[in-house]
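Trainee: What follows is a predicted protein model with its sequence.
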Amino acid sequence: MTLKDWIKFIILLIISIVFVAPILLVLMNSFKGKLYVSNEPFAFPNAESFVGLKNYTNGIEKIDFFSAFFVSLFITVCSVILIVLATAMCAWFITRVKTWYTKLIYILFAFSMIVPFQMVMYPMSQVANTLHLDNMFGIVIIYLGFGAGLSVFMFAGFVKSVPLEIEEAAMIDGCGPMKTFFLIDFPILRPSAITVAILQAMWIWNDYLLPTLILSDVKTLPMAIQYLRGGYGSIDMAAMMAMLVLAIIPIIIFYFACQKYIIKGVMAGAVKG
């Protein structure tokens, strides 16, 4: 390799270590006793500090892990499905129907991506409470609103790459708009749909602030893990590390199962049109 290649390799290696090190630190400390996590956080587990799966069993019992897990799973799956279907249809409509109001809708979706969540979180929580959306069914609608901007933007870029002649041929064969979209366009949009699903699932699964503001009767996994902090000075760091490991496993599996579509979908949504 040339000097330039070595420099690139070293830079990428450092960046990889920076990103992977915190995950390895959490995994390593999840097998150590509570006192050793506080006193020797960077030391590898040894015969004295290793406690096996004790932190995992303690954490599961303390936070009612499986109940919180299925709440997070329900909210994430329902939100992602709704976001993908609704925003794909919306992007297809505003791309194919070229009028002043579809252009305005597209601009509003694009504008929504630059509005900070902190700017609207308190009015949003009041509106959600007034409309009785403060439950795990209502929060799915709220996630649709917050996830629509990026999703429509990505889908719209990909729809522009789909030849209009394909849709015209389908309509000549007797397909209406809905059949044309679901039988012709949506299968072609699969790379973008999977990319949107991955990005939205990672955000919704790991989100702590929005469920904390909205939900009043159930707890998501990030909310439940936060309860391990307890009162002042009583934080169970070992159990928290173990629960963090369990919390990130599903999203890592989902990501690696679908990651081959990410670059293709992102590039298509970014450069087309």
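Mentor: Looks like it arrived, so ask away.
Trainee: quick one, what contacts Ile204?
Mentor: By C-beta atoms under 8 Å, 6 or more residues apart in numbering, Ile204 lies in contact with 75-76, 79-80, 143, 147. (C-beta placed from N, C-alpha, C; glycine too.)
Trainee: is it possible to export those to JSON lines including neighbour count and distance to Met121?
Mentor: Formatted as JSON lines, the contacts of Ile204 follow (neighbours: other C-beta atoms under 10 Å; distance: C-beta to C-beta, whole Å):
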{"residue": "Ile75", "neighbour count": "23", "distance to Met121": "17"}
{"residue": "Thr76", "neighbour count": "25", "distance to Met121": "20"}
{"residue": "Ser79", "neighbour count": "24", "distance to Met121": "17"}
{"residue": "Val80", "neighbour count": "27", "distance to Met121": "21"}
{"residue": "Tyr143", "neighbour count": "24", "distance to Met121": "13"}
{"residue": "Gly147", "neighbour count": "23", "distance to Met121": "15"}
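Trainee: Let me know the closest of those residues to Phe111.
Mentor: Distances from Phe111 to these, taken as C-beta to C-beta, are shortest for Gly147 (15.0 Å).
Trainee: circling back to that earlier point, specify which member of the contacts of Ile204 is nearest to Phe31.
Mentor: Nearest to Phe31 among these is Thr76, at 27.4 Å by C-beta to C-beta.
Trainee: sorry, back to before: among the contacts of Ile204, which one lies nearest to Ile23?
Mentor: Of all the contacts of Ile204, the one with the least separation from Ile23 (C-beta to C-beta) is Thr76, at 20.2 Å.
Trainee: quick check: mean pLDDT across the host helix or strand of that closest one?
Mentor: Following DSSP states H and E, one finds Thr76 within helix 65-96. In this model, helix 65-96 carries a mean pLDDT of 93.
Trainee: Show me how far the next helix or strand after that helix is from its chain's centre.
Mentor: Remark: after helix 65-96, the chain's next helix or strand is helix 100-112, criterion DSSP H and E. Helix 100-112 has its C-alpha centroid displaced from the chain centroid by 24 Å (C-alpha atoms, centre = their mean, to the nearest Å).
Trainee: and what of stretch 35-42?
Mentor: How far stretch 35-42 lies from its chain's middle: 31 Å, per C-alpha atoms, centre = their mean.
Trainee: pull the CA atoms of that stretch into PDB?
Mentor: Taking Å, rounded to 0.1, in the frame of the first residue of the first chain, the C-alpha atoms of stretch 35-42 are listed here in PDB:
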ATOM      1  CA  LEU A  35     -18.400  -2.600  42.900                       C
ATOM      2  CA  TYR A  36     -15.900  -3.600  40.200                       C
ATOM      3  CA  VAL A  37     -17.900  -1.700  37.500                       C
ATOM      4  CA  SER A  38     -17.500   1.500  39.600                       C
ATOM      5  CA  ASN A  39     -14.000   1.000  40.800                       C
ATOM      6  CA  GLU A  40     -12.400  -0.700  37.700                       C
ATOM      7  CA  PRO A  41     -14.500   0.200  34.700                       C
ATOM      8  CA  PHE A  42     -11.800  -0.300  32.100                       C
END
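Trainee: Which residues does it contact?
Mentor: 25, 29, 32, 43, 45, 48-49, 237-238, 241.
Trainee: from the residues you listed, which single one is nearest Pro211?
Mentor: Nearest to Pro211 among those, with distances taken as C-beta to C-beta, is Met241, at 21.4 Å.
Trainee: Surely the closest one and Asn29 touch.
Mentor: Yes - counting by C-beta atoms under 8 Å, Asn29 is a contact partner of Met241 at 4.5 Å.
Trainee: of those two, who's got more company?
Mentor: Shown here are Met241 and Asn29; by other C-beta atoms under 10 Å, Asn29 has more neighbours (28 against 25).
Trainee: OK, contacts around that one?
Mentor: Residues near Asn29 by C-beta under 8 Å, 6+ apart: 37, 41, 237-238, 241.
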